[in-house]
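**Q** this one's structure only:
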């Protein structure tokens with residue numbers, strides 16, 4: 001294993017866990033501001049409409065994807081600064 005890959009691997013693992021927690025916290029704040037509710041709808045919530053459930057899921061998924069990309073990209077750039085090579 002190359003040095004840049006060895007440096008990046010633990011960061012990627014940490015980024016995966018952190019991105020989920022960070023995206024979840026951001027999603028809760030956005031949902032509260034937009035919908036005026038503490039909790040977003042669950043897919044199995046009988047009282048909620050399909051449109052509300054799908055909107056919440058799409059927003060949550062988009063935030064997770066963006067957060068994960070930002071953390072992974074930043075980690076890869078950090079490894080390149082340290083080693084001079086991009087992690088594969």
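**A** Here it is on my side, so go on. The structure presented is a predicted model; accordingly, all values stated were derived computationally and were not measured. Residues are numbered from 1 along each chain as shown.
**Q** where exactly do the helices run in the chain?
**A** For the chain, the helices defined by DSSP state H cover 3-35, 50-83.
**Q** relative to residue 44, which of the ones you listed is closest?
**A** Of all the helices of the chain, it is helix 50-83 that lies closest to residue 44, at 9.1 Å by CB to CB. For the C-beta atoms, the positions are set from N, CA and C on the backbone; glycine is no exception.
**Q** return the set of buried residues in that closest one.
**A** 53, 55-56, 59-60, 63-64, 67-68, 71-72, 75-76, 79, 83 (16 or more other CB atoms under 10 Å).
**Q** and it, what does it pack against?
**A** With contacts taken as 3 or more CB pairs under 8 Å, 6 or more residues apart in numbering; DSSP states H and E, helix 50-83 sits against helix 3-35.
**Q** returning to that earlier point: so which of the buried residues of helix 50-83 is the closest to residue 11?
**A** residue 75 (4.2 Å).
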